[in-house]
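Colleague: sharing a model that was predicted from the sequence below.
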Amino acid sequence: MIKIGIIGGAGYTAGELIRLLLNHPDAEITFVNSTSNAGNRITDVHGGLFGETDMRFTDQLPLESIDLLFFCTAHGDTKKFMESHTVPENVRIIDLSMDYRIESDEHDFVYGLPELNRRRICNSRHIANPGCFATCIQLAVLPLAKHLMLNSELHVNAITGSTGAGVKPSSTSHFSWRNDNISIYKPFTHQHLAEIGQSLRQLQNSFESNINFIPVRGNFSRGIFATTYVDCKVSLEEIKRIYEEYYDDHSFTFITDKNPDLKQVVNTNKCLLYLQKYDNKLLVVSMIDNLLKGASGQAVHNMNLLFGLEETVGLHLKPSAF
């Protein structure tokens, strides 16, 4: 069994991670650290786990007793922890924050998008889990980058559920504001653009085009629905062949011929892609669950790769389509 510690246990991604790990045949949660909830039952915070566990949050850090440490902390906190604590050499790390997503000579974290870096992930110790928007957008265009076909600006509109804003209430996550409402935020400047550009240049070194990304707050709880279009003169049949070939040996990304809807992926670790041509424009519709494929599900996928398990273990989840 893989013995696991979790730091930052009170948020949405931590709740989903705990849910997945409790039902994973090869995982055992040793501790869930949350200083603000120390001593409280996990089910006091994550009510959906009632009947699944009697564990309590702790403020202790028995790092010597685990094989893998997950960080579900706020952005900036993982780096602070790593600078102020000594994590045993044998303990592997998966960080769900954005602290180490940009690869650098200053750290050894590998960018944990399996559809891009699966081989590197398998041979790594430290993994930086990708952002939710970044995952959805990258999966829409990685095959194009591999074939050096991203030679014009990318135009992306993506709408996300309220859980993407985190568990702490804010003016734009209150039900009375969010319900029956919609708005944009951080147009052209979203923080996930840096990691998207990094990945595209990994496959297509010449990529220098703008990514015109408009993020949208949706009036639903979870999921990301993205539409990306780019100049492309290649036929739709050839584009579909390129995508099918790229994702052929990946377990969670699928090309569909039917115009999909978001509920087909909510509560799963899947990404669905739908391709259409309009004259010389290629439209790619992509969708994921922001808390699973965009966060905790992808983290478990990375855990499976790190420990040599079949990559879908613990991730056979039914979509909440009805």
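Modeller: Good, I have the coordinates. Numbering: from 1, shown residues only.
Colleague: which segments of this protein make up each domain?
Modeller: Dividing the chain into domains by the TED database, as the record does, gives the ranges 1-128+294-305, 130-286.
Colleague: pull out the buried residues from the least confident helix or strand in the chain by mean pLDDT.
Modeller: Using mean pLDDT, DSSP states H and E, helix 175-178 stands out as the lowest-scoring helix or strand of the chain, at a mean of 82. Taking 16 or more other CB atoms under 10 Å as the neighbour-count basis, helix 175-178 is seen to contain the buried residues residue 178. (C-beta placed from N, C-alpha, C; glycine too.)
Colleague: between the domains of the chain, which one is closest to residue 312.
Modeller: Comparison of the domains of the chain against residue 312 by CB to CB identifies domain 130-286 as nearest, at 5.0 Å.
Colleague: that closest one: end-to-end distance?
Modeller: Length of domain 130-286, first residue to last, CA to CA, to the nearest Å: 16 Å.
Colleague: centre of the chain to that domain, how far?
Modeller: When C-alpha coordinates are averaged (CA atoms, centre = their mean, to the nearest Å), domain 130-286 and its chain have centres 12 Å apart.
Colleague: same list (the domains of the chain) but as JSON lines, adding distance to residue 318.
Modeller: Formatted as JSON lines, these follow (distance: least, CB to CB, whole Å):
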{"stretch": "domain 1-128+294-305", "distance to residue 318": "13"}
{"stretch": "domain 130-286", "distance to residue 318": "7"}
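Colleague: out of those domains, flag the one nearest residue 322.
Modeller: For the domains of the chain, proximity to residue 322 was assessed by CB to CB; domain 130-286 is nearest, at 7.6 Å.
Colleague: returning to what we had before: so for residue 317, which of the domains of the chain sits nearest?
Modeller: Comparing the domains of the chain by CB to CB, domain 130-286 comes nearest, at 4.7 Å.
Colleague: still on that earlier bit, and the next element down the chain from the least confident helix or strand of the chain?
Modeller: Of the helices and strands lying after helix 175-178 in sequence (DSSP states H and E), the nearest is strand 183-184.
Colleague: just the strands in this protein please.
Modeller: 2-7, 27-33, 68-71, 92-95, 110-111, 126-128, 154-160, 183-184, 211-217, 224-231, 253-255, 271-278, 281-288 (DSSP state E).
Colleague: who's in contact with the least confident helix or strand of the chain?
Modeller: Taking CB atoms under 8 Å, 6 or more residues apart in numbering as the criterion, the residues outside helix 175-178 that touch it are 162, 171, 172, 217, 219.
Colleague: the spatially closest residue to the second one that is not a sequence neighbour and residue 215, how far apart?
Modeller: In space, and not counting its chain neighbours, residue 171 is closest to residue 177: 6.5 Å by CB to CB, 6 or more residues apart in numbering. Noted for residue 177: a distance of 17 Å to residue 215, by CB to CB, to the nearest Å.
Colleague: and for residue 111?
Modeller: The gap separating residue 111 from residue 215 is 21 Å, by CB to CB.
Colleague: rewinding a little: which one (most neighbours) among the contacts of helix 175-178?
Modeller: Neighbour counts for the contacts of helix 175-178 were taken using other CB atoms under 10 Å; the highest belongs to residue 162, with 22 neighbours.
Colleague: so who does that one touch?
Modeller: Shown here is residue 162, whose contacts under the criterion CB under 8 Å, 6+ apart are 173, 178, 217, 218, 219, 220, 221, 222.
Colleague: what pLDDT is listed against the residue lying farthest from the centre of the chain?
Modeller: When distances to the mean C-alpha position of the chain are computed (CA atoms, centre = their mean), the maximum falls on residue 279, with 32.5 Å. Listed pLDDT for residue 279 reads 95.
Colleague: contacts only, for it.
Modeller: Residues touching residue 279, when contacts are defined by CB under 8 Å, 6+ apart, are absent altogether.
Colleague: ok so, going back, format the strands of the chain as CSV; extra columns: distance to residue 82.
Modeller: CSV is the format used below for those (distance: least, CB to CB, whole Å):
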stretch, distance to residue 82
strand 2-7, 11
strand 27-33, 15
strand 68-71, 9
strand 92-95, 8
strand 110-111, 15
strand 126-128, 9
strand 154-160, 28
strand 183-184, 34
strand 211-217, 29
strand 224-231, 29
strand 253-255, 31
strand 271-278, 30
strand 281-288, 28
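Colleague: out of those strands, which is closest to residue 59?
Modeller: Closest approach to residue 59 among the strands of the chain is made by strand 27-33 (6.7 Å; CB to CB).
Colleague: just give the nearest non-adjacent residue to residue 17, would you?
Modeller: The spatial neighbour of residue 17 that comes closest, neighbours along the chain excluded (CB to CB, 6+ apart), is residue 296 at 4.1 Å.
Colleague: pLDDT score assigned to the one you found?
Modeller: Residue 296 is assigned a predicted lDDT (pLDDT) of 98.
Colleague: number of nearby residues for it?
Modeller: Applying other CB under 10 Å, we find 27 residues neighbouring residue 296.
Colleague: ok, residue 263 - how many residues close by?
Modeller: Residues within reach of residue 263, counting by other CB under 10 Å, total 15.
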